[in-house]
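Undergrad: No sequence on hand, only this structure:
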């Protein structure tokens, strides 16, 4: 694994990042939110990480900064993995999107937005993935209770809205 | 198309409206209740005649908040929920979750437990591929195939029932091993099934491989290049069919897969037909692995199948009734089994791609985060890439060949 971290350090030369050793021994770096885009571009182009495994966040509530963003990558070419972490402050966290680098992250980012409310700046078509489009809360935040917030009222409202709903694709296309 | 962000959004300007050969665009809603979408998947399609101009998969109809449930229930009690993720191969999900927790705990699994796990994982792979084969074939009109594959699956259910006591949702894997040892008679029955299954695969192939209709409806449809697969996070058979030799069992071995002799099948074109061929060959390889696993199990009979670590593994029931210490261990594990602080990720080569669990612990009995890296979500995502400018009838081949289960996609 040491060769992986050496390759990453070589590829990211000149950028700000700290190397960390997580419990599972995967090469891991921590960057500032402002550097995310530059680091990711280098990871793809200079370090050969061709596949994104997942994009997610960890809610550290009540600690601040609240969200710990996590991206994990796989290099099919070099047969290794690595993880990037970045701390983002709430209540409306913003991070740059990486869909222009790895288009396959589009659904992972949408899921992260859906569950944590992390806004990915520059994502084309950032909307909820698993929860209904008009849902108000972010379920995986630590202050969201497991049984939900007013589920009965929401079900009634969705039911009403579903009946009024317009044709599935808006006027612009027909 | 390919690797720009533009494919996400449909722009009406891209279509020449003055072209007399093309009429009005039609919006069509495929699903959520559609037999060919293999679950509650909805696909918004914009059609120009019979050509799809835009297709967007809409998921979430089966969302049950599994990750939140894991945070609420705690490490141990979440095991039963992993079965409900990809419900056609519950034991594979069990093993994947157990491996992630073991990595976090730094626990070594006994040899025999690993052999049993390999056995269960390969049975799961075959079960899942049989579902793929049966449902895709019936969607494309080959009804016989459905009965062929499901009768084999039924036999597998009987075997797993004999071993685990359940047909579905087995939950038989524990942290540190498996719940119980494989009985000798069950092993013999498994051997009988494994020995006859190779001939059944030949039978499947006789029905489909050279079949003109099957060939025409799958060949050159839904073509994925290796670069697209990597950029769109596709793994497993979908990646292999495009010609990339990538299999976690070989490249990053776990559960002792390095001790088994098997090959990685790869495709050449990356179309629906290659994905079919790769899965067929994978079943053959699984049969090879199963034979070796049964040989190993015969040698290691009587060995440990569960680690002896009283921080994470329940003591045998007999001891709990006689020993005060073991009773305390049992009580501690059931009420408050905590894992060391830190984060870990472990992935297995599931039948649909890379199935991984990313777990974050703060040292207590409840996880801070348990993210499920579902291969099915990435497979669904690829629909929008593959369907543009294809005929509407190709949707069925494409959806079938990508192979996903909505329980896992929506979690």
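TA: Received it, and whenever you're ready, just let me know what you need. Values in this document were obtained by computation on a predicted structure and should not be read as measured data.

Undergrad: Leaving out the residues flanking it, which one is nearest to residue B:200?
TA: residue B:152 (5.7 Å; Cβ to Cβ, 6 or more residues apart in numbering or on different chains). Placement of C-beta: from N, CA and C, glycine included.

Undergrad: Relative to residue B:284, how far out is the one you found?
TA: From residue B:152 across to residue B:284, the span is 14 Å (Cβ to Cβ, to the nearest Å).

Undergrad: more neighbours, these two?
TA: For residue B:152 versus residue B:284, neighbours defined as other Cβ atoms under 10 Å in any protein chain shown are more numerous around residue B:152 (23 against 17).

Undergrad: Before we move on, what's the pLDDT of the residue nearest to residue B:200?
TA: Per-residue pLDDT puts residue B:152 at 90.

Undergrad: Is it correct that it is in contact with residue B:129?
TA: No - look at residue B:152 against residue B:129 with Cβ atoms under 8 Å: they stay out of range, at 10.4 Å.

Undergrad: what do the two both touch?
TA: Here residue B:152 and residue B:129 have no joint contacts, going by Cβ atoms under 8 Å, 6 or more residues apart in numbering or on different chains.

Undergrad: Of all the helix elements in chain A, which one is longest?
TA: helix A:151-164 (DSSP state H).

Undergrad: Can you tell me what sits against that helix?
TA: A:132, A:134, A:135, A:148.

Undergrad: again, only this time at 7 Å
TA: The contact list for helix A:151-164 (Cβ atoms under 7 Å, 6 or more residues apart in numbering or on different chains) reads A:132, A:134.

Undergrad: Is it correct that residue A:86 is in contact with residue A:28?
TA: No - using Cβ atoms under 7 Å, residue A:86 and residue A:28 do not qualify as a contacting pair, with a distance of 11.5 Å.

Undergrad: Give me the buried stretch members for the longest helix of chain A, please.
TA: Residues residue A:154 are the ones in helix A:151-164 that count as buried (16 or more other Cβ atoms under 10 Å in any protein chain shown).

Undergrad: How about the contacts made by residue A:32?
TA: A:16, A:86.

Undergrad: Tell me the backbone dihedrals of it, please.
TA: phi -80, psi 160 (degrees, to the nearest 10).

Undergrad: And for residue 143, the neighbour number?
TA: This is for chain A. Neighbours of residue A:143 under the rule other Cβ under 10 Å: 9.

Undergrad: To clarify, I was referring to chain B.
TA: Neighbours around residue B:143, by other Cβ under 10 Å: 11.

Undergrad: Please tell me how far it sits from residue B:39.
TA: On the measure of Cβ to Cβ, residue B:143 and residue B:39 end up 20 Å apart.

Undergrad: nearest spatial neighbour of residue A:146, skipping sequence neighbours?
TA: Nearest to residue A:146 is residue B:72, by Cβ to Cβ, 6+ apart, at 4.3 Å.

Undergrad: quick one: what helix or strand has the one you found in it?
TA: Element membership of residue B:72 [criterion: DSSP states H and E] is helix B:66-73.

Undergrad: Name the next helix or strand downstream of that helix, please.
TA: helix B:79-83.

Undergrad: Tell me what angle the helix or strand that comes right after that following helix forms with helix B:66-73.
TA: Where DSSP H and E defines the elements, the next helix or strand beyond helix B:79-83 is helix B:90-105. Angle between the axes of helix B:90-105 and helix B:66-73 is 60 degrees (criterion: axes from the mean of the first three to the mean of the last three Cα atoms, to 10 degrees).

Undergrad: Could you tell me how far stretch B:170-184 lies from the centre of the chain?
TA: The gap between where stretch B:170-184 is centred and where its chain is centred comes out at 19 Å by Cα atoms, centre = their mean, to the nearest Å.

Undergrad: Where does the prediction get shaky in the chain?
TA: No chain in the question, so chain A it is. A:1-2, A:166-174 (pLDDT under 70).

Undergrad: You answered for a different chain; I wanted chain B.
TA: Chain B contains residues with pLDDT under 70 at B:1-23.

Undergrad: Strands along that one, start to end?
TA: Counting by DSSP state E, chain B has strands at residues B:25-30, B:42-48, B:51-58, B:173-174, B:177-178, B:342-350, B:353-361, B:369-373.

Undergrad: Adding distance to chain A, write the ones you listed out as CSV.
TA: Formatted as CSV, the strands of chain B follow (distance: least, Cβ to the nearest Cβ, whole Å):
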stretch, distance to chain A
strand B:25-30, 5
strand B:42-48, 6
strand B:51-58, 8
strand B:173-174, 19
strand B:177-178, 20
strand B:342-350, 3
strand B:353-361, 5
strand B:369-373, 5
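
Undergrad: JSON lines please, covering those and showing distance to residue B:404 and mean neighbour count.
TA: JSON lines is the format used below for those (distance: least, Cβ to Cβ, whole Å; neighbours: other Cβ atoms under 10 Å in any protein chain shown):
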{"stretch": "strand B:25-30", "distance to residue B:404": "15", "mean neighbour count": "16"}
{"stretch": "strand B:42-48", "distance to residue B:404": "12", "mean neighbour count": "20"}
{"stretch": "strand B:51-58", "distance to residue B:404": "10", "mean neighbour count": "20"}
{"stretch": "strand B:173-174", "distance to residue B:404": "23", "mean neighbour count": "25"}
{"stretch": "strand B:177-178", "distance to residue B:404": "27", "mean neighbour count": "26"}
{"stretch": "strand B:342-350", "distance to residue B:404": "11", "mean neighbour count": "24"}
{"stretch": "strand B:353-361", "distance to residue B:404": "9", "mean neighbour count": "26"}
{"stretch": "strand B:369-373", "distance to residue B:404": "14", "mean neighbour count": "24"}
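
Undergrad: who touches the spatially closest residue to residue B:327 that is not a sequence neighbour in this structure?
TA: Nearest non-adjacent residue to residue B:327, counting by Cβ to Cβ, 6+ apart: residue B:320, 5.3 Å away. The neighbours of residue B:320, taking Cβ under 7 Å, 6+ apart as the test, are B:326, B:327, B:330.

Undergrad: Columns neighbour count on top of those, output as TSV?
TA: Below are those laid out as TSV (neighbours: other Cβ atoms under 10 Å in any protein chain shown):
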residue	neighbour count
B:326	18
B:327	14
B:330	18
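
Undergrad: Done for today, thanks.
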